[in-house]
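*Asks:* got a sequence here, can you build the structure:
(chains A and B)
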Amino acid sequence: MELVSLFIGLTFVNNVVLSKFYAICPLLGVSKKPKNALNMGYAVTFVIFLASIITYLLYYHVLTPLGITYLDLITFILVIASLVQFVEMFLKKTSPEIYKSMGVYLPLITTNCAVLGVALDNISAGYTLIEAMVAGLAVPIGFTLVIYVFATIRERLEIANVPESFKGTPIALITAGIMACAIAGIAGLV
Amino acid sequence: MKKFDVFKKGLFVENPIFVLLLGLCSSLAITTSLTNAIGMGMAVICVLLMSNFIISLLRKIIPNEIRIPVFIVIIATLVKCVQMLMNAYTPALYESLGVFIPLIVVNCIILGRAESFASKNGVVDSILDALGMGLGYTFAVLIISFFRELIGTGGLSLYNPFDASQIIFQFSFFSDYAISLFTQPAGAFITLGTILAFIQFLKVRKANKAKKAEVK
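*Replies:* I've put the predicted structure just below:
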């Protein structure tokens, strides 16, 4: 039951994009077409889920026994970079179409705050391995949800009559602000 | 003169947040108070200065194929140093910035400057570029946090980052009419969106004036 509330809490109430500002760059960059947004979401889900397990095990079973926890940042970022490299090679081989459409944003998953952020949060919140796995699944699902909804709204905004000064990024940011209000409205859920 | 241009462009023309839209994650999250903004700005300037310096020194040694992993390892090392120093000397600031200090590793500004400037230019230019970009970032987060703190709490305050009990100034203008939404995440998006719209407005007006002058 606690795991369920952890899952719902991280997916909706404490949604990483709208309440912690992780991963704003892909939110603004990739979210012009809903299909690209979904592909980005899948790739990020895969990377975050594996990264949260691997970094958790490395932290508690390698870094802590050796007393070198100050190397956590370097270790985590190398794990994440290799996972992203793996996804990139995998997509290039299996579906060059998706690979092309994601462009520069695919390698940039390495510098997606959400990936490193989840890995660090898992440690600082003192989760168990199971809880870390749940967090590693809930956070990217929340991310995918937001980025997909945001992409569909932005598709509508393209044809909307927006004041000239607000065209493009400004109106997108204000849309995100209104979505953050909506998310804050369900804060009492968990 | 040319050296000064390298420094200057980061402040306004290529301001990392307002124009290039880099490093938005941290700039939205920590801009709830002026003190946080100054602390974050200092941390970013330190890391950016060191990383541009080291990378421009090593740029001929680092093999091209693995340059990104090498940059990231250098940056992660520097960020960890800054994090440990802040934990020791500015504990209050360290507490309130939280996870966003280690997240400087994945701040696009730092990797972006390493990739597009320091790996191609000399040491002096890279240091000037880092100073300009870092100050531009600090300037931008200060503006965002100025509006958010003023509207969100109805006042402005600044503490000494090294000693939280030392107050530099503290004003309260209209705290009865504060809109607390602006200290919350939603307010960050709306503030930045409005500032960007204002910049776009200025740009459009300038372009229109230029067009009119051409017609005449």
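
*Asks:* C-alpha only now, for contacts and for neighbours.
*Replies:* Will do.

*Asks:* roughly how far is stretch B:187-196 from the heart of the chain?
*Replies:* 15 Å (CA atoms, centre = their mean, to the nearest Å).

*Asks:* just stretch B:39-54 next, same as before
*Replies:* Counting by CA atoms, centre = their mean, stretch B:39-54 comes out at 10 Å from the chain centroid.

*Asks:* may I have that stretch as CSV, with CA atoms only?
*Replies:* Listed next in CSV are the C-alpha coordinates belonging to stretch B:39-54 (Å, rounded to 0.1, in the frame of the first residue of the first chain):
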residue,chain,number,x,y,z
GLY,B,39,24.3,31.5,-4.0
MET,B,40,23.4,29.5,-7.1
GLY,B,41,25.0,32.1,-9.3
MET,B,42,28.2,32.0,-7.4
ALA,B,43,28.3,28.2,-7.5
VAL,B,44,27.7,28.2,-11.3
ILE,B,45,30.4,30.9,-11.9
CYS,B,46,32.9,28.8,-9.9
VAL,B,47,32.2,25.6,-11.8
LEU,B,48,32.0,27.3,-15.2
LEU,B,49,35.3,29.2,-14.7
MET,B,50,37.2,26.1,-13.6
SER,B,51,35.7,23.8,-16.2
ASN,B,52,36.3,26.2,-19.1
PHE,B,53,39.9,26.8,-17.8
ILE,B,54,40.7,23.1,-17.5
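
*Asks:* and that stretch, average pLDDT?
*Replies:* Mean pLDDT, computed over stretch B:39-54, is 92.

*Asks:* so which bits of it are buried?
*Replies:* B:39-54 (16 or more other CA atoms under 10 Å in any protein chain shown).

*Asks:* also stretch B:20-39?
*Replies:* So, applying 16+ other CA under 10 Å, buried residues of stretch B:20-39: B:21-39.

*Asks:* kindly report the same for stretch B:70-88.
*Replies:* B:70-80, B:82-83, B:86.

*Asks:* contacts with chain A among those residues, please.
*Replies:* B:72, B:73, B:76, B:77, B:80 (CA under 8 Å from any CA of the partner chain).

*Asks:* dump these into a markdown table; add pLDDT and secondary structure as well.
*Replies:* Shown next, in a markdown table, are those (pLDDT from 0 to 100; DSSP: H, G, I helix; E, B strand; the rest coil):
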| residue | pLDDT | secondary structure |
| --- | --- | --- |
| B:72 | 89 | helix |
| B:73 | 90 | helix |
| B:76 | 92 | helix |
| B:77 | 93 | helix |
| B:80 | 93 | helix |
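
*Asks:* out of the buried residues of stretch B:20-39, who's near chain A?
*Replies:* B:22, B:23, B:24, B:25, B:26, B:28, B:29.

*Asks:* could I get the phi/psi values of the spatially closest residue to the last one that is not a sequence neighbour?
*Replies:* Closest residue to residue B:29 apart from its sequence neighbours, by CA to CA, 6 or more residues apart in numbering or on different chains: residue A:21 at 6.0 Å. Geometry field for residue A:21 lists phi and psi as phi 60, psi 20, criterion degrees, to the nearest 10.

*Asks:* residue A:21 and residue B:177, how far apart?
*Replies:* 27 Å (CA to CA, to the nearest Å).

*Asks:* returning to what we had before: contacting residues for the residue nearest to residue B:29?
*Replies:* B:25, B:26, B:28, B:29, B:185 (CA atoms under 8 Å, 6 or more residues apart in numbering or on different chains).

*Asks:* helix, strand or coil for residue B:169?
*Replies:* Assigned by DSSP: H, G, I helix; E, B strand; the rest coil, the conformation of residue B:169 is strand.

*Asks:* can you pull the contacts of it?
*Replies:* Here residue B:169 is in contact with B:156, B:157, B:158, B:159 (CA under 8 Å, 6+ apart).

*Asks:* could I get the average pLDDT for whichever strand or helix holds residue A:39?
*Replies:* Residue A:39 is part of helix A:34-58 when elements are defined by DSSP states H and E. The average pLDDT for helix A:34-58 rounds to 90.

*Asks:* tell me which residues of that helix are tucked away?
*Replies:* Of the residues in helix A:34-58, those buried (16+ other CA under 10 Å) are A:34-41, A:43-53, A:55-56, A:58.

*Asks:* what lies in contact with it?
*Replies:* With CA under 8 Å, 6+ apart, helix A:34-58 has contacts from A:30-31, A:75-76, A:79-80, A:83-84, A:87, A:98, A:101-102, A:106, A:109, A:114-115, A:118-119, A:122-123, A:129, A:132-133, A:136-137, A:140-141, A:143-144, A:147-149, A:151-152.
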